[in-house]
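Student: any chance you can model this:
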Amino acid sequence: LRLAFWTSEKPDPSKPWLLLIHGFPTSSWDWTAVWTALGDQFNLAALDMLGFGLSDKPRNIAYSLLSQADFHEALLSEIGIGEVHILAHDYGVSVTQELMARHNERCLSFAIRSICFLNGGLFPEHYRARPIQILGRTPLGPLISLMLNKRRLRKGFDQVFGPETKASDGEINGHWALITEQGGQVLFHKLLAYIPERKKYRSRWVGAMENTQIPFCIINGGADPVSGAHLFDHFTTAFPHAFAKLLPEIGHYPQTEAPDAVVEAFNQFHNTVFRK
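Tutor: Residues are numbered from 1 along each chain as shown. Next comes the predicted model:
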């Protein structure tokens, strides 16, 4: 299997490393709008997970968040990184929760210095899957995948983005090109296996946040119907001392809808936790 990844062009040994973990159904291209600004303070690394973006998309395997965590361990081993900060979005927050659990168990191959979560299903009972995702988990899943096209992708994105921050035509074209690389659109229903996995491992992954010494925070687009203000409210109740920033008019993709606000909040979190 081949996995595509990106790092800072000229890593600076004086800077810490930041691992960026993307969401579903997109890829590391999601980080384009914040890459340069984050690179001012960090060396960056980002992986297109198996089944996404420019990485391989085998059709005869079961996709798992646990395996995606394994691939991130392999990535950091390949690059030779011993510790990282993490910024994760959507599907990537569950991968990060698994990495956090491994870190807590002292069986992770690298150290995690801090974690920042963007919109994602941190608590499966507060994750509101879209109708197409629900149908994708039924026996109709393969048919749903075959029916996926750029027009339906646009419609789905419009429903979860903020009212004034919809994706441009160029962004939709880019996402669609990366989804359809190697015919990846037919995997849509298989990649949705993350939904029951979140329920299966709920105690492990929420417990990882409850029992960790790793500083973590949330930056959340409140207008997201999937994991927006309702999930943010639960997070702040469950973790009242954690840094939390709500962007009320922003939707499910805050790093593309409001990149400057995300970078500002991310830097505020780091400056608070790691005072210079």
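Student: the residue lying closest to Ala193 once chain neighbours are set aside: what's it in contact with?
Tutor: Nearest non-adjacent residue to Ala193, counting by CB to CB, 6 or more residues apart in numbering: Tyr63, 5.4 Å away. No exception for glycine: its C-beta is placed from N, CA and C like everyone else's. Each residue near Tyr63 by CB atoms under 8 Å, 6 or more residues apart in numbering is listed here: 50-51, 187, 190-191, 193-194.
Student: for Tyr201, same thing?
Tutor: Neighbours of Tyr201 in contact, by CB under 8 Å, 6+ apart: 65, 97-98.
Student: now, of the residues you listed, which are buried?
Tutor: 65, 97-98 (16 or more other CB atoms under 10 Å).
Student: next step: these restricted to helices.
Tutor: Among the buried ones among the contacts of Tyr201, the ones falling in helices (DSSP state H) are 65, 97-98.
Student: in TSV: those residues, plus pLDDT and distance to Gly23.
Tutor: Below are those laid out as TSV (pLDDT from 0 to 100; distance: CB to CB, whole Å):
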residue	pLDDT	distance to Gly23
Leu65	98	12
Gln97	98	14
Glu98	98	15
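Student: could the residues you listed go into CSV alongside distance to Pro142?
Tutor: Listed next are those as CSV, based on distance: CB to CB, whole Å:
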residue, distance to Pro142
Leu65, 21
Gln97, 29
Glu98, 27
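Student: so which of those residues comes closest to His234?
Tutor: Distance to His234 across these (CB to CB) is lowest for Gln97, with 14.9 Å.
Student: grab the nearest non-local neighbour of that closest one.
Tutor: Trp205 (3.7 Å).
Student: before we move on, what about Phe266?
Tutor: Computed as CB to CB, 6+ apart, the closest residue to Phe266 that is not its neighbour in sequence is Cys116, at 5.7 Å.
Student: same deal with Glu125?
Tutor: Arg202 (7.8 Å).
Student: mind checking how far the one you found is from Arg2?
Tutor: Applying CB to CB, to the nearest Å, the value for Arg202 to Arg2 is 32 Å.
Student: ok, these two, which is more surrounded?
Tutor: Neighbour comparison, Arg202 and Arg2: the larger count goes to Arg202, with 15 against 8 (by other CB atoms under 10 Å).
Student: I'd say that one and Pro124 touch.
Tutor: Yes - taking CB atoms under 8 Å as the definition, Arg202 is a contact partner of Pro124 at 5.4 Å.
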